[in-house]
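S.K.: need coordinates for the below:
(one chain, ligands or ions: 2)
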Amino acid sequence: MSEKMIEIKNVSKWYGPVQVLNDCSVSISKGDVVVVCGPSGSGKSTLIKTVNALEPFQKGEITVNGIPLHDPKTNLPKLRSKVGMVFQHFELFPHLSVTENLTIAQIKVLGRSPEEAKTRGLKMLDRVGLMAHKDKFPGQLSGGQQQRVAIARALSMDPIVMLFDEPTSALDPEMVGEVLDVMVSLAKDGMTMMVVTHEMAFARKVASRVIFIDVGGKILEDCPKDEFFSHPENRQPRTKDFLNKIL
Ligand code: ADP
Ligand code: MG
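M.R.: Ligands and ions are numbered 1, 2, ... in the order given. This next block holds a predicted model:
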């Protein structure tokens, strides 16, 4: 039996009268790389944010590594610290150096000593190929470099899963590759990942499954990568429309 890392069960969410997640269920095992795609406004960001309890939901259940989010006894900040999150707009602290960006949460949230945090942070910075930039400020780096720092920062917390929300969609085209390369290498190392992206080349390379979510927050497809790409004729009409637009 593979170890379940994320279990989303029958989750629904409304903003006022508007339903944005409609009975969503997703099961992610250790080492899975699940790519989530779908039109703008379909609820991809909302879904991924529910997983680390950044968004409340009205119906259903989510467990992360066996820990239920809805249980009032669950220590959400602690659980969140185990879930790495990378956003479209990097969200580095502009007034802190790269090294400080990498260490601050390790020190404040995990209680690591500054030395320990620095060792771990710089190891991750090296992993994303940016050791030479450790003393710079985010504003001195390109968008692609900033996003790689954001990934290194998430990895410094020793996450058990990594969530990515359109990590390359704010980047100039020539910088997309360097960020995807880091993500591919993480996937190949066995990291459990849930990735909202329209980069189908990434999905083809490393996804275990591809999920398509339609407007209204309904999951229309959840299908193994090979099936998704090799048998387009078996896709739902809405998925085909969408793929025709982005490919
Ligand atoms: P996606 O990431 O797929 O583009 P989102 O998850 O951001 O979609 O949004 C899903 C739907 O929820 C959209 O219709 C959006 O307008 C709506 N929405 C998102 N955030 C809020 C909010 N804070 N208040 C009201 N509606 C919201
Ligand atoms: Mg979004």
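
S.K.: look up which residues are beta-bridged to Leu163.
M.R.: When bridges are called by DSSP bridges, Leu163 pairs up with Met85, Met194.

S.K.: please shift the residue numbers so they start at 18 in all later answers.
M.R.: In the new count, where the first residue is 18, that last one comes out as Leu180.

S.K.: and the helices in the chain?
M.R.: All helices of the chain, identified by DSSP state H, fall at 61-68, 93-98, 115-125, 131-144, 160-172, 190-205, 217-223, 242-247, 254-263.

S.K.: what mean pLDDT does the second one get?
M.R.: It refers to helix 93-98. If you average the pLDDT over helix 93-98, you get 88.

S.K.: one more: the last one?
M.R.: Averaged across helix 254-263, pLDDT comes to 89.

S.K.: list the buried residues of it.
M.R.: 255-256, 259-260 (16 or more other Cβ atoms under 10 Å). All C-beta spots, glycine's among them, are computed from the backbone N, C-alpha and C.

S.K.: just how off-centre is that helix within its chain?
M.R.: On the basis of Cα atoms, centre = their mean, to the nearest Å, helix 254-263 sits 23 Å off its chain's mean C-alpha point.

S.K.: touching ligand 1 at all, that helix?
M.R.: No - Helix 254-263 lies apart from ligand 1 when judged by Cβ under 6 Å from any ligand atom; the minimum separation is 11.6 Å.

S.K.: helices or strands up against that helix?
M.R.: Contacts defined by 3 or more Cβ pairs under 8 Å, 6 or more residues apart in numbering; DSSP states H and E place helix 254-263 against strand 226-231, strand 235-241.

S.K.: out of those strands, which gets nearest to ligand 1?
M.R.: Nearest to ligand 1 among those is strand 226-231 (7.0 Å), distances taken as Cβ to the nearest ligand atom.

S.K.: could you give the average pLDDT over that closest one?
M.R.: Mean per-residue pLDDT for strand 226-231: 96.

S.K.: repeat that for stretch 61-71.
M.R.: 93.

S.K.: hmm, who's touching it?
M.R.: Stretch 61-71 has contacts (Cβ atoms under 8 Å, 6 or more residues apart in numbering) with 23, 25, 28, 30, 37-38, 41, 43, 53-55, 72-74, 79, 81, 86, 93, 96-97, 100, 102, 178, 180-183, 211, 213, 230, 234.

S.K.: buried residues, that stretch. List them.
M.R.: Within stretch 61-71, the residues scored as buried using 16+ other Cβ under 10 Å are 61-70.

S.K.: do the same with stretch 132-145
M.R.: Buried residues in stretch 132-145, counted by 16+ other Cβ under 10 Å: 134-135, 137-139, 141-142, 144-145.

S.K.: what sits up against it?
M.R.: 115-116, 119-120, 123-124, 127, 129, 148, 150-151, 165-166, 168-170, 172-173, 175, 199.

S.K.: could you dump the buried residues of helix 254-263 to CSV with distance to Gly160?
M.R.: Below are these laid out as CSV (distance: Cβ to Cβ, whole Å):
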residue, distance to Gly160
Arg255, 32
Thr256, 30
Phe259, 26
Leu260, 27
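
S.K.: if any of the contacts of stretch 61-71 are buried, give me the ChimeraX selection for them.
M.R.: This is how ChimeraX selects the buried members of these, with burial counted by 16+ other Cβ under 10 Å:
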select :23,25,28,30,37,38,41,43,53,54,55,72,74,79,81,86,96,97,100,102,178,180,181,182,183,211,213,230,234
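
S.K.: near ligand 1 too, which of the contacts of stretch 61-71?
M.R.: Okay, of the contacts of stretch 61-71 touching ligand 1 (Cβ under 6 Å from any ligand atom), that's 37, 55.
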